[in-house]
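Asker: Here's a sequence, model it:
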Amino acid sequence: MKKFDAFILPESATHVALLTDVHRCAFTLAEVLITLGIIGVVAALTMPSLIQNKQKKELETAFKKSYANFYNAYNKAKINEPPLWDDTDLVNPYPEIAKAIYKEYIKIENINNDTNKKYLSKVRTYTFEKAVLPECSQLFRNEGSVITPDGSAISVSQNCYRNWVIIDTNGINKGPNAYGHDIFSFNIYKTGIFGPTTSEAEGNYDENGNPQGGYNNSPEAANKCSPSSKSKINGITCSQFALSNTCPYDDKKTYWECLP
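Answerer: I've put the predicted structure just below:
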């Protein structure tokens, strides 16, 4: 027995020593809880920023896709039906121009008045305030407005002696439905050039979108792509900045980075 004891004692001692070393290398419950707490705080601080950046990237991607699709349809319509663009003011042939552009989309669905009315109640400004209808571009109020295969909504209309193009890059059934975020305004100019809207006036409308007469074209209303503007159509002229990917009030950021 003594020999056996002498044989197992060293091994037992080694086993105890190993257990002691393992115990010394392990984390205590308090240390684990503190670590988890730190991870939670960091996640809470960074997740909103990550989510916001993801949403802005999605808006940018939707804008580029919808704009490219419309621009291609517009150019095809000019090639396929060139006489429509011969008029010097491009106002008289407006309905035919709209039909020619719509025809270049493979599949379309018209936006009816009831659908449009529900949509208008959800529209917001650049800073997500409740918006009003622009005086001239009107936001899908004409009967030719359509939903395209990629889900975006397109409207080609004529008002205030201009041809207007409105694109909701996310479509009328998906948010944010806000000027300068997914709602962008463009013009077809007299020379047939398609370009961004640089000016627009605020119409006076009731809650149902009915015109009340008169409109606001003051200097304040002219500043329509700014986080400080109080205009109820703030953001409707942001397409020029979205196209150039420049922030309208911070030259160190891109357009999508500086979205409110």
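Asker: for stretch 171-190, which positions count as buried?
Answerer: 171-172, 176-188 (16 or more other CB atoms under 10 Å). (Each C-beta comes from the backbone N, C-alpha and C, glycine too.)
Asker: Please read the previous query as pertaining to stretch 234-246.
Answerer: Under 16+ other CB under 10 Å, the buried positions of stretch 234-246 are Asn234, Gly235, Ile236, Thr237, Cys238, Ser239, Gln240, Phe241, Ala242, Leu243.
Asker: so which of the buried residues of stretch 171-190 would you say is closest to Glu31?
Answerer: Top of the list for closeness to Glu31, among these and by CB to CB, is Pro176 at 43.6 Å.
Asker: Which secondary structure state is assigned to that closest one?
Answerer: coil (DSSP: H, G, I helix; E, B strand; the rest coil).
Asker: which non-adjacent residue is nearest it?
Answerer: Counting by CB to CB, 6 or more residues apart in numbering, Asp182 is the residue found nearest to Pro176 once chain neighbours are left out, at 6.1 Å.
Asker: unless I'm mixing things up, that neighbour is touching Glu58, no?
Answerer: No. Between Asp182 and Glu58 there is no contact under CB atoms under 8 Å: 9.6 Å.
Asker: Of the buried residues of stretch 171-190, which pair is most distant in space?
Answerer: Largest pairwise distance in the buried residues of stretch 171-190, by CB to CB, is 26.3 Å, between Pro176 and Ile188.
Asker: Identify the farthest-apart pair in the buried residues of stretch 234-246.
Answerer: Checking the buried residues of stretch 234-246 with CB to CB, the most distant pair is Asn234 and Leu243, at 18.3 Å.
Asker: follow-up on the earlier one: closest to Asn163 among the buried residues of stretch 171-190?
Answerer: Ile188 (3.9 Å).
Asker: ok, that closest one - contacts?
Answerer: Tyr74, Leu90, Ile97, Val156, Arg162, Asn163, Trp164, Val165, Phe194 (CB atoms under 8 Å, 6 or more residues apart in numbering).
Asker: Rank those residues by pLDDT and give me only the lowest.
Answerer: Lowest pLDDT of the contacts of Ile188: Leu90, 73.
Asker: Now stretch 235-247: average pLDDT?
Answerer: For stretch 235-247, the mean confidence score works out to 95.
Asker: Of the buried residues of stretch 171-190, just say which sits nearest to Tyr255.
Answerer: Gly180 (8.8 Å).
Asker: quick one: contacts for the closest one?
Answerer: Counted by CB under 8 Å, 6+ apart, Gly180 has contacts Tyr126, Cys225, Asn234, Gly235, Ile236, Cys238, Ala242, Leu259.
Asker: Take those residues and lay them out in TSV including distance to Ile34 and secondary structure.
Answerer: Below are the contacts of Gly180 laid out as TSV (distance: CB to CB, whole Å; DSSP: H, G, I helix; E, B strand; the rest coil):
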residue	distance to Ile34	secondary structure
Tyr126	43	coil
Cys225	47	coil
Asn234	46	coil
Gly235	45	coil
Ile236	51	coil
Cys238	46	coil
Ala242	46	helix
Leu259	37	coil
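Asker: Great, nothing more from me.
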